[in-house]
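In: turn this into a structure:
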Amino acid sequence: MLNADVVIIGGGATGAGILRDLCLRGVKAILVERGDLGCGTSSRFHGLLHSGARYAVRDRHAAVECIEENTILRRIAKSCVEPISSIFIRTPEDDPDYEELWVSSCRAAGISAQPLTIEQALEMEPNLSPKIQSAYLCPGAAIDGFRLLWHIFDSAKKLGGQVLTYTNVIGIDTQNGKVEGITVQDKFTHETYKIACNYLINATGPWCARVASLAGIDINIKPSKGTLIAFNHRISTNVIHRLHKPADADIFVPHGTVTILGTTSMDADPDDTSTTQQEVEEMMAIGRATFENLDSYRILRVFAGCRPLYAGDDKNASGRAVSRDFVALEHGPRDGLDNFMSVCGGKFTTHRQMAEKVCNIVCPILGNHEPCTTAKIPLDAEPDPALMEKARQVFPSYGTKLSFNRQGAERFATIVKKIEEDSDQGEIICECENVTRAEIEMVAKESTTHSISDLRRRTRLGMGTCQGTFCTYRAVGTVQEVTDTWTGNTKDLFKEFLEARWKGIRPVMWGNQIKDVELTRGIYEVSLNINHEDDLALALQEQKQEQGKPQTPPQAAAAAVKTAPVEPAPKATAPATAAPAATAAPAAESKAAPAEKKSTPKASTTKIAVKTKRKTSTHASSKEGK
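Out: Coordinates of the predicted model:
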């Protein structure tokens, strides 16, 4: 039986922050997560590192926390933060009376709101609508949620923390009014076992109520789903906010070469990450007040996540009416079950501060009185100049800093060494994000990796312009060369990844997006023959029958041509779904997109030959799907 001082349920930002804080204080801690790290709410947001200005009028306490944590994260997580600014603009559609109240509220919260002239604003952001009425510069920024979480987990593990992914909690073990541990089940082996602990922390975000119910406890969580749109352009240099009361589709956050527009707010089940074409149309209509030429930018995909809003005793509260503040519910005084806490609400920006407050409550109960140091100790080392110079000699153009920021100093040093020793390791697998073979192979062999989507969260594979069109088959071929622990079923590798990408593309199937989908179909359905597994299986059967018959030399030659070895390929429903014939913009369409068809392919563990042809390490090389 595993045991720890503290067990944390939930591998998002809150759970990660608590794990690292406990480990820095010398507390033995284990974190369990039902999926991959950061696969829930903490990776399904717009990536804004809030300045607090958005909440200054309505929730000053939350605003103050945001500006404090914004400053701290810029300092301790430099490789995860793009230190840009936020510009708040008032359009003709926004209430001018709100502006004065907002300015005074920012001042009271200690948030800088520097006035800009219209000329200054347009010079900084030429794509803004020239109709804007006023503008202010604030200290917002962009943050990579995937990257931050993995740096936190790496830091915690170096301090002795343990992380168990794809481990589902199926029971909370109690005796005499106290929690003694949990019962969990491994997703892949289906093994059930117990983990003993002195204290249990439920940090599962919008799933908090569901986990608490395992102990017979009721929590009034109001999951609020937000939809976001990712554009294939960096529309602005800085984050752009509308200067009005928080509402839908009023924030544009640039990330690298893309921009994310968010978000909406509606009550939903926490597992519901669906999106619709209607939502996209409505968000685009709102966004045009900020960027009049918004329709000229290609949409990459649409995605959604659920906020973990805590409504207390108000059973009727929902959406934006619920505070974004957090609460730590001690279930001993509240519900008569000691050694158990649920952490509800809060924001990604304030996850570190939330963790500090939680640990300040839990640690004294365990007899630990060490102070919190997470605001002072950086998540990772600064890049070594000598290593970076060495990396530039062998890395693809523009890929050095990107890889360092993604993987951290220790892993990056390993990647550089691999490329130095074998130039083929510098081959580009994902051109959009400059991901090398060395990086893919390293992450693929780690114990926390179980799918191509896990690779994506660690490396940004398939998150760029092509949305996996060109890098999926390269990645599948690469991982099957280096590990067989999770890569045995080629069909499933393709299906899992391509369908996840397809889910975000389907609501925006118009214009040039249809052309891109047809290209994807051409690669995976035609070239790799993925959607004709039954035909290939029949060909193999005919081949075996032919091989069992006595044949003359001419007959054997003809049979060899007719039944050349063709192994069955995996089936991916996403690229094979026929694209709609209409190419009109969504505003001209009267019907919602048809429901996505789901395939039920036969089980198969046959590998197909999807190999990558290794070439030079200095540029993106061509690949072959055999």
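In: can we go C-alpha only for contacts and neighbour counts from here?
Out: Will do.
In: looking at the longest helix that the chain contains now, give me its mean pLDDT.
Out: The residue-count maximum for a helix in the chain (DSSP state H) belongs to helix 400-421. Averaging pLDDT along helix 400-421 yields 93.
In: so after that helix, what's the next helix or strand?
Out: The helix or strand immediately downstream of helix 400-421 is strand 428-430, counting by DSSP states H and E.
In: after that next one, which helix or strand is next?
Out: strand 435-436.
In: strand partners of that following strand, parallel vs antiparallel please.
Out: Counting by DSSP bridges, the strands paired with strand 435-436 are strand 428-430 (antiparallel).
In: the strand it pairs with: how far from the chain's middle?
Out: The chain centre lies 19 Å from the centre of strand 428-430; the measure is CA atoms, centre = their mean, to the nearest Å.
In: which residues sit against the longest helix of the chain?
Out: 79-80, 147, 151, 380-383, 387-388, 390-392, 394-395, 425-426, 434-435, 438-439, 442, 458-459, 617 (CA atoms under 8 Å, 6 or more residues apart in numbering).
In: repeat for stretch 371-386
Out: Here stretch 371-386 has contacts from 20-21, 24-25, 72-73, 75-77, 151-152, 155, 352, 356, 360, 404, 408-409, using CA under 8 Å, 6+ apart.
In: circling back: from the contacts of helix 400-421, which would you call buried?
Out: 79-80, 147, 151, 380, 383, 388, 390-392, 394-395, 425-426, 434-435, 438-439, 442, 458-459, 617 (16 or more other CA atoms under 10 Å).
In: filter those down to just the ones in helices.
Out: Among the buried ones among the contacts of helix 400-421, the residues falling in helices (DSSP H) are 147, 151, 388, 390, 391, 392, 394, 438, 439, 442, 458, 459.
In: what's the lowest-pLDDT member of those?
Out: residue 394 (89).
In: test my guess that it contacts residue 426.
Out: Yes: counting by CA atoms under 8 Å, residue 426 is a contact partner of residue 394 at 7.2 Å.
In: how about the ones in helices among the buried ones among the contacts of helix 400-421 in CSV, adding distance to residue 56?
Out: Listed next are those as CSV, based on distance: CA to CA, whole Å:
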residue, distance to residue 56
147, 28
151, 30
388, 41
390, 46
391, 44
392, 44
394, 48
438, 46
439, 42
442, 44
458, 34
459, 35
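In: ok, which pair from the residues you listed is furthest apart?
Out: Farthest-apart pair in those is 151 and 394; separation 24.5 Å (CA to CA).
In: show me where the stretch 301-450 of the chain dips below the pLDDT cut-off.
Out: For the stretch 301-450 of the chain, applying pLDDT under 70 flags the ranges 313-324.
In: can you do 50?
Out: 319-322 (pLDDT under 50).
In: shaky segments in this protein?
Out: 319-322, 552-626.
In: same thing but at 70, please
Out: 313-324, 531-540, 548-626.
In: and it, split by domain according to the record?
Out: What automatic domain parsing lists as the domains of the chain is 2-41+146-220+323-365, 81-143+222-308.
In: circling back: which member of the ones in helices among the buried ones among the contacts of helix 400-421 is positioned nearest residue 139?
Out: So of these, ranked by how close each gets to residue 139 (CA to CA), first place is residue 147, at 21.0 Å.
In: quick one, what contacts that closest one?
Out: Residue 147 is in contact with 80, 405, 406, 407, 458, counting by CA under 8 Å, 6+ apart.
In: and residue 2, how many neighbours?
Out: 10 (other CA atoms under 10 Å).
In: tell me how far it lies from residue 196.
Out: Distance of residue 2 to residue 196, computed by CA to CA, to the nearest Å: 6 Å.
In: what's the answer for residue 70, then?
Out: 36 Å.
In: if you count surrounding residues, which of those two has more?
Out: Legend: neighbour count by other CA under 10 Å for residue 70 and residue 196, higher for residue 70 (22 against 19).
In: settle this for me: that one is touching residue 51, isn't it.
Out: Yes: at 6.2 Å, residue 70 and residue 51 qualify as touching, with contact defined as CA under 8 Å.
In: which neighbours do these two have in common?
Out: Common neighbours of residue 70 and residue 51 (criterion: CA under 8 Å, 6+ apart): 140, 141.
In: which strand or helix spans residue 373?
Out: Using DSSP H and E, residue 373 sits within no helix or strand.
In: next, count neighbours for it.
Out: 13.
In: now do the phi/psi pair for residue 250.
Out: Dihedral pair for residue 250: phi -120, psi 20, per degrees, to the nearest 10.
In: residue contacts, it?
Out: Per CA under 8 Å, 6+ apart, neighbours of residue 250: 241, 242, 261, 262, 263, 286, 287.
In: the same query, at a cut-off of 6 Å, please.
Out: 241, 242 (CA atoms under 6 Å, 6 or more residues apart in numbering).
In: do the one 3 residues further on as well
Out: With contact taken as CA under 6 Å, 6+ apart, residue 253 is in contact with 239, 259, 260.
In: one more time with 10 Å, if that's ok
Out: Taking CA atoms under 10 Å, 6 or more residues apart in numbering, we find residue 253 in contact with 46-49, 86, 140-143, 230, 234-241, 259-262.
In: is the residue nearest to residue 101 when sequence neighbours are not counted in a helix, a strand, or coil?
Out: Of all residues not flanking residue 101 in the chain, residue 57 sits nearest, at 7.0 Å (CA to CA, 6 or more residues apart in numbering). Secondary structure, DSSP: H, G, I helix; E, B strand; the rest coil: residue 57 is coil.
In: and residue 57, how many neighbours?
Out: Residues contacting residue 57 under the criterion other CA under 10 Å number 21.
In: next one: residue 385
Out: Count around residue 385 with other CA under 10 Å applied: 9.
In: tell me how far it lies from residue 312.
Out: Distance from residue 385 to residue 312, counting by CA to CA: 51 Å.
In: contacts only, for the residue lying closest to residue 65 once chain neighbours are set aside.
Out: In this structure, residue 65 finds its nearest non-sequential neighbour in residue 350, 6.7 Å apart by CA to CA, 6+ apart. With contacts defined as CA under 10 Å, 6+ apart, residue 350 is in contact with 13-14, 17, 49-50, 62, 65-70, 72-73, 325-326.
In: repeat that for residue 447.
Out: With CA under 10 Å, 6+ apart, residue 447 has these contacts: 164, 165, 485, 486.
In: and the last one, what element?
Out: Counting by DSSP H and E, no helix or strand carries residue 486.
In: skipping its backbone neighbours, what lies nearest residue 271 in space?
Out: Among residues not flanking residue 271 along the chain, residue 306 sits closest, at 8.0 Å (CA to CA, 6+ apart).
In: oh sorry, the question was meant for residue 501
Out: Nearest to residue 501 is residue 467, by CA to CA, 6+ apart, at 6.6 Å.
In: if I look at that neighbour, how far off is residue 524?
Out: Taking CA to CA, one finds residue 467 at 14 Å from residue 524.
In: what residues are shared contacts of the two?
Out: Counting by CA under 10 Å, 6+ apart, the residues touching both residue 467 and residue 524 are residue 498.
In: of the two, which one has the most company?
Out: Neighbour count, other CA under 10 Å: between residue 467 and residue 524, residue 524 has more, with 27 against 23.
In: that one and residue 471 touch, don't they?
Out: No: judged on CA atoms under 10 Å, residue 524 makes no contact with residue 471 at a distance of 11.6 Å.
In: wait, residue 33 touches residue 167, no?
Out: Yes: using CA under 10 Å as the test, residue 33 is close enough to residue 167 to be in contact (5.6 Å).
In: still on that earlier bit, in helices, which of the contacts of residue 350 appear?
Out: Those of the contacts of residue 350 lying in helices (DSSP H): 13, 14, 17, 62, 65, 66, 67, 68, 69, 70, 72, 73.
In: what packs against whichever strand or helix holds residue 364?
Out: In the assignment (DSSP H and E), residue 364 maps to helix 351-365. Using 3 or more CA pairs under 10 Å, 6 or more residues apart in numbering; DSSP states H and E, the elements in contact with helix 351-365 are strand 2-9, helix 13-24, helix 60-76, strand 192-202, strand 326-330, strand 340-345.
In: I'm done for today, thanks for sticking with me.
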